[in-house]
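Chemist: pasting the sequence and the predicted coordinates here, then a few questions.
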Amino acid sequence: METSTSGLEPGLYIVAGPIGNLGDLSPRGAEILRLADVIAVEDTRVSARLLRHAGSERPMVPYHDHSAEGVRARLIERMASESVALLSDAGTPLISDPGYKLVRDARAAGRNITTLPGPSAAIAALTLSGLPTDRFLFMGFLPVKQKARADTLAEVVALRATLIFYESGPRLSESLAAMAEHLGDRDAAVSREISKTFEETRTGTLTELSARYADAPPKGEIVVIVGPPGEAPPASAEDADAALMEAMERLPVSKAAGEVAKKFGLDRRALYDRALELKG
Ligand code: SAM
């Protein structure tokens, strides 16, 4: 393969940056930032600080996946003969950050693509949580609207995996309460400001954590880790029906469905429909 004027092979270099502590930028990542012909960034002001730290004076171009098609097409074109680094404001590009469409199109165009791996808040928080790490699902940011949030949580309620959410301080308590309502009151961990001066991880049930943050929304950047549902074996259809019939003797249909959904880690809406069938 030909070499660009930078001395790097032409193509796309995905560079993970720090999530707080600049010292977490890898030496290899820093070298790419010093050598690349151009660096695609989310925000030039934010990235200028990291480039100074890395000793890079390479030019930046703003890039977002929602940038005009022409911006992406030009970067893909440049990758044919130049080295293009991709950097986001924090952590690993593409993880709740721009880059997916750039990588997709670079692959389709047959460009050389490599990654300089490094920090991501999702994995850092998972390792701090003390919750199971063998199966996990990254959920990104929960939708803000109540209905969309409930629908998103309903999709994963029965999943036997630890869940990872990005969150902001002002919404934290409300989100934790919604998780308790729709997923059941599971064990959880809230990590904030990882790798920074005020790094802190608190653990408890979702309800306990929601109460703890209700009056004092925390400052800074936050990841919520939610443990998998209880270890009870998945309920058979007969067990779920029996529990629904019993619960409906005491409770209105929607509450009965909610109670059984939590008990067995099943989908609340499906149980609600089933409860109506049984009642009818
Ligand atoms: N690409 C990044 C990564 O790999 O972690 C994530 C970018 S996303 C736009 C930003 C979110 O990541 C924040 O709102 C917060 O939820 C989480 N985050 C980033 N840095 C963090 C840190 N130092 N401590 C805790 N959470 C962090």
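Modeler: Arrived safely, thanks for sending.

Chemist: residues in contact with the closest residue to the ligand within the stretch 1-150 of the chain?
Modeler: Going by Cβ to the nearest ligand atom, the ligand is nearest to residue 91 of the stretch 1-150 of the chain, at 2.5 Å. The way it works is simple: take the backbone N, C-alpha and C, and place the C-beta from them, glycine included. Neighbouring residues of residue 91 by Cβ atoms under 8 Å, 6 or more residues apart in numbering: 16-19, 97, 118-121.

Chemist: what helix or strand is it on?
Modeler: Here residue 91, judged by DSSP states H and E, is contained in no helix and no strand.

Chemist: still on that earlier bit, tell me which entries of the contacts of residue 91 lie within helices.
Modeler: residue 121 (DSSP state H).

Chemist: still on that earlier bit, please tell me how far the residue of the stretch 1-150 of the chain closest to the ligand sits from residue 148.
Modeler: Here the criterion is Cβ to Cβ, to the nearest Å. By it, residue 91 lies 25 Å from residue 148.

Chemist: beyond the helix or strand of the chain with the lowest mean pLDDT, next helix or strand please.
Modeler: Lowest mean confidence among the helices and strands of the chain (mean pLDDT, DSSP states H and E): helix 253-264, at a mean of 84. For helix 253-264, the following helix or strand on the C-terminal side (DSSP H and E) is helix 268-279.

Chemist: returning to what we had before: now the angle from the least confident helix or strand of the chain to helix 268-279?
Modeler: Angle, helix 253-264 to helix 268-279, by axes from the mean of the first three to the mean of the last three Cα atoms, to 10 degrees: 120 degrees.

Chemist: give me the contacts around helix 253-264.
Modeler: 157, 184-185, 232, 234-235, 239-240, 243-244, 247-248, 250-251, 266-269, 271-272, 274-276, 279.

Chemist: relative to the ligand, how far out is residue 212?
Modeler: 17 Å (Cβ to the nearest ligand atom, to the nearest Å).
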